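Enquirer: I'd like to go over a predicted model; first the sequence, then the structure.
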Amino acid sequence: MKGRVHSFQSLGAVDGPGLRFIVFLQGCTLRCAYCHNPDTWSPAGAEYTVDEVVEKILRCKPYFAENGGVTVSGGEPLMQWAFVSELFRRLHCEGIHTALDTAGIGDPEGARSVLLHTDLVLCDLKFSNEEDYLRYCRGNMDTVLRFLKQTENLKVPLWIRHVVVPGLTDGTEPILKIAELAARFSNLQRLELLPFRKLCVSKYQAMGLPFPLSDYGECTDAEIQELYRIIENHLPEKAESFCFPNRAYKFNS
């Protein structure tokens, strides 16, 4: 079993709990306006067997094993669901925590095979309505919501993430809609609002591509905290606490 890999990160701290080994896979069908990794869109990438990836991970296990684990990201990892499923199965045999960082798109049966070996899902909920999903991602919101329901049915713990772009996704109405959508799922543990940044512009320039949101400003941490307060004020029954160091809003904890 081989997978097409973009890159590896040995000790990541933002893609799941604890320190994590992150495997970035190649290939994505979405074209999100704020995508930070356009170099992962193409399905072409270096091929690795599951054995080769597991070997790399086990070298780093002493550093992340106590509270961390492995996160598979992308691109879109569900495009290579058979590889991810087998990788996660092998990692469970080694007692390693597994996290799937996904946009929630892909074949439902393939997703199910991955989720059966997944300890945590981190899913991007990119917009609060179908029209913006299509316009800014070329994606289908219903597909994402069905995937989120699948994680609930399989009782896989869920973190939902949402990128906040000033002037695009930062209004009170869309933020509350995102929170309301997220709170539907009983397996939700955390809602993370992520500030829009433009560190990716150099990648677009190197690839000869225009960055769709070049005219939009970056989002500050203060703006993120204000949006959390808006959620707390309007949906107090859904909220239990703020977690400032992780900029995360917790549900169902």
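Expert: Received the coordinates, thanks.

Enquirer: Show me the helices in the stretch 101-250 of the chain, by range?
Expert: 108-115, 130-137, 141-153, 172-183, 201-207, 221-234 (DSSP state H, counting those that start in this stretch).

Enquirer: what's across from residue 191 in the sheet?
Expert: residue 160, residue 249 (DSSP bridges).

Enquirer: Number of residues surrounding it?
Expert: For residue 191, the count of nearby residues is 24 (other Cβ atoms under 10 Å). No exception for glycine: its C-beta is placed from N, CA and C like everyone else's.

Enquirer: Of the helices of the stretch 101-250 of the chain, which is nearest residue 162?
Expert: Checking those against residue 162 by Cβ to Cβ gives helix 172-183 as the closest, at 5.0 Å.

Enquirer: out of everything not next to it in sequence, what's closest to residue 57?
Expert: Distance criterion Cβ to Cβ, 6 or more residues apart in numbering; nearest residue to residue 57, sequence neighbours excluded, is residue 21 at 5.1 Å.

Enquirer: To clarify, my last question referred to residue 111.
Expert: Nearest one to residue 111, counting by Cβ to Cβ, 6+ apart, is residue 78 at 5.5 Å.

Enquirer: for the one you found, helix, strand, or coil?
Expert: For residue 78, the assignment made with DSSP: H, G, I helix; E, B strand; the rest coil gives helix.

Enquirer: Would you check how far apart the nearest residue to residue 163 once chain neighbours are set aside and residue 85 are?
Expert: Leaving aside its chain neighbours, residue 163 sits nearest to residue 194 (4.9 Å; criterion: Cβ to Cβ, 6+ apart). Counting by Cβ to Cβ, to the nearest Å, the separation of residue 194 from residue 85 is 27 Å.
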